[in-house]
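A.B. asks: below are the sequence and a predicted model for it; my questions follow.
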Amino acid sequence: MDPHLLRTYVAVARLGSFSEAARALGYTQSAVSQHIAALEGDLGLPLLTRRPVAPTPAGERLLEHAGSLLLRLDAARADLARFAAPPRETLTLVASPLALHPRPLAVLPATGVTLRVLPRDEVPAAVATGAADLGLVDGVAAPSDPLRLPDVAPLTARRVAEEPLAVVLPADHPLACRAGLDLADLVDARWLDAPDAGIPLDRLRAAHGGPAGSGFRAALRCEGTDVRTVAALAAAGHGLALLPASAGVAAGVAAGGPGAGALVPLAAPRLVHRTELLHAGGEPVGPVAELVRRLTTLPEAGR
């Protein structure tokens with residue numbers, strides 16, 4: 001299967017237009033039509049209806065494979081390009097919002113780093129494809145267990161930190177005075193759905209061990225990467241949120257000021273918020289190696 005043809009197909013299927021795909025890819029519309037015809041001929045199946053332009057059932061199934069196939073190819077190209085690339089004097093670090101707790105931020109050099117905040121699921125792909133030199137990604141895990149990351153490419157993951165989790169809730173909430181909370185007692189509570197700036201609800205359901213899709217109802221959806229907004233919404237009573245304890249403190253949840261809420265440790269199940277550093281290729285060199293050293297020798301890393 002020619003990857004150039006596959007990229008064209010993905011563009012047409014997602015944009016729903018041959019002409020829009022041609023503009024996006026820098027091709028003529030005729031070239032796009034030829035690419036689609038060649039791919040359909042190779043596979044022996046119609047992949048798109050023409051009026052309207054939409055994937056056929058076979059085309060839908062191909063889309064399920066296309067993202068990971070193309071990402072793997074991009075990752076392989078980026079990995080091989082590193083053999084010829086000279087050592088970098090500057091670097092790009094991508095991070096999920098909750099990976100940027102105070103300790104990692106404190107060790108970033110004053111110059112030479114471009115920091116980009118991305119949704120959690122996009123960090124491994126950015127590192128794999130060479131869009132970033134390093135990635136900080138976070139998640140929930142049992143103590144000392146590695147994160148379960150998508151298999152986008154051979155990446156090296158190094159532990160940076162583990163810290164307790166805490167539930168953010170209004171100061172006058174009946175559970176705000178507890179010394180600790182059991183997730184099982186919060187299944188029927190209303191939660192904030194903040195997949196990028198909080199612990200995703202599907203992860204809470206998995207940690208609780210109940211049936212897929214059960215419990216942890218979303219009261220309000222909060223899109224974006226602003227952790228302070230999530231904490232403020234939870235403190236104001238728009239739904240509970242689970243955050244790393246340091247993120248709740250940094251957001252001023254329990255500071256006692258106007259709108260402040262309560263930050264109650266998660267006592268059960270026994271889970272931690274874990275941050276890992278990702279890099280591709282062999283052993284890093286130059287400024288990349290120095291930042292790896294700084295980030296992986298933090299006190300929280302437990303080394």
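C.D. replies: Great, that's in hand. Numbering: from 1, shown residues only.

A.B. asks: next up, the contacts around Leu63.
C.D. replies: Residues near Leu63 by C-beta atoms under 8 Å, 6 or more residues apart in numbering: 10, 13, 55. C-beta coordinates here come from the backbone N, C-alpha and C atoms, glycine included.

A.B. asks: cutoff 6 Å now
C.D. replies: Ala13 (C-beta atoms under 6 Å, 6 or more residues apart in numbering).

A.B. asks: now do it against Ile199, distance only.
C.D. replies: Going from Leu63 to Ile199 by C-beta to C-beta, to the nearest Å gives 29 Å.

A.B. asks: please apply the same query to Leu295.
C.D. replies: Separation of Leu295 from Ile199 (C-beta to C-beta): 22 Å.

A.B. asks: ok, those two, which is more surrounded?
C.D. replies: The neighbour comparison of Leu295 against Ile199 (other C-beta atoms under 10 Å) goes to Ile199, with 27 against 23.

A.B. asks: now the longest helix anywhere in the chain: mean pLDDT?
C.D. replies: Secondary structure of the chain per DSSP state H: the longest helix is helix 57-84. If you average the pLDDT over helix 57-84, you get 87.

A.B. asks: quick one, helices of this structure?
C.D. replies: Here the chain has its helices, by DSSP H, at 3-15, 18-25, 29-43, 57-84, 102-106, 123-128, 201-208, 227-235, 245-250, 286-296.

A.B. asks: that older thread, by how many degrees do the longest helix of the chain and helix 29-43 diverge?
C.D. replies: With axes from the mean of the first three to the mean of the last three C-alpha atoms, to 10 degrees applied, the angle from helix 57-84 to helix 29-43 works out at 100 degrees.

A.B. asks: can you pull the pLDDT of the residue nearest the centre of the chain?
C.D. replies: In the chain, the C-alpha nearest the mean C-alpha coordinate belongs to Arg120, at 1.2 Å (C-alpha atoms, centre = their mean). Here, the pLDDT recorded for Arg120 equals 93.

A.B. asks: do you know how far it is from Pro109?
C.D. replies: Distance, Arg120 to Pro109, using C-beta to C-beta: 24 Å.

A.B. asks: with Asp138 instead?
C.D. replies: Counting by C-beta to C-beta - Asp138 and Pro109 are separated by 21 Å.

A.B. asks: between the two, tell me which one has more neighbours.
C.D. replies: Neighbour comparison, Asp138 and Pro109: the larger count goes to Asp138, with 24 against 12 (by other C-beta under 10 Å).

A.B. asks: so the more buried one bridges to which residues?
C.D. replies: Bridge pairing for Asp138 (DSSP bridges) gives the partners Thr275.

A.B. asks: need the contact list for it.
C.D. replies: Residues counted as contacts of Asp138 (C-beta under 6 Å, 6+ apart) are 96, 98-99, 275.

A.B. asks: show me which of those residues are buried.
C.D. replies: Buried members of the contacts of Asp138, counted by 16 or more other C-beta atoms under 10 Å: 96, 98-99, 275.

A.B. asks: returning to that earlier point: of all the helices of the chain, which one is nearest Arg148?
C.D. replies: Of all the helices of the chain, helix 201-208 sits nearest to Arg148, with 10.0 Å by C-beta to C-beta.

A.B. asks: what about the closest one, average pLDDT?
C.D. replies: 91.

A.B. asks: ok, now stretch 270-279?
C.D. replies: Mean pLDDT, computed over stretch 270-279, is 96.

A.B. asks: circling back to that earlier point, so which of the contacts of Asp138 belong to strands?
C.D. replies: Taking DSSP state E as the definition of strands, those contribute Thr275.

A.B. asks: let me know the closest of the contacts of Asp138 to Leu134.
C.D. replies: Using C-beta to C-beta, Ala99 comes nearest to Leu134 of those, at 11.1 Å.

A.B. asks: that closest one and Thr56, how far apart?
C.D. replies: Counting by C-beta to C-beta, the gap from Ala99 to Thr56 is 40 Å.

A.B. asks: thought Val12 was touching Glu20?
C.D. replies: No - between Val12 and Glu20 there is no contact under C-beta atoms under 6 Å: 8.2 Å.

A.B. asks: give me the more crowded residue out of the two.
C.D. replies: Neighbour totals were compared for Val12 and Glu20, and Val12 leads with 27 against 16 (other C-beta under 10 Å).

A.B. asks: quick one: pLDDT of the residue lying closest to that one once chain neighbours are set aside?
C.D. replies: Among residues not flanking Val12 along the chain, Ala21 sits closest, at 4.3 Å (C-beta to C-beta, 6 or more residues apart in numbering). Note on Ala21: pLDDT of 94.

A.B. asks: understood, closing this out.
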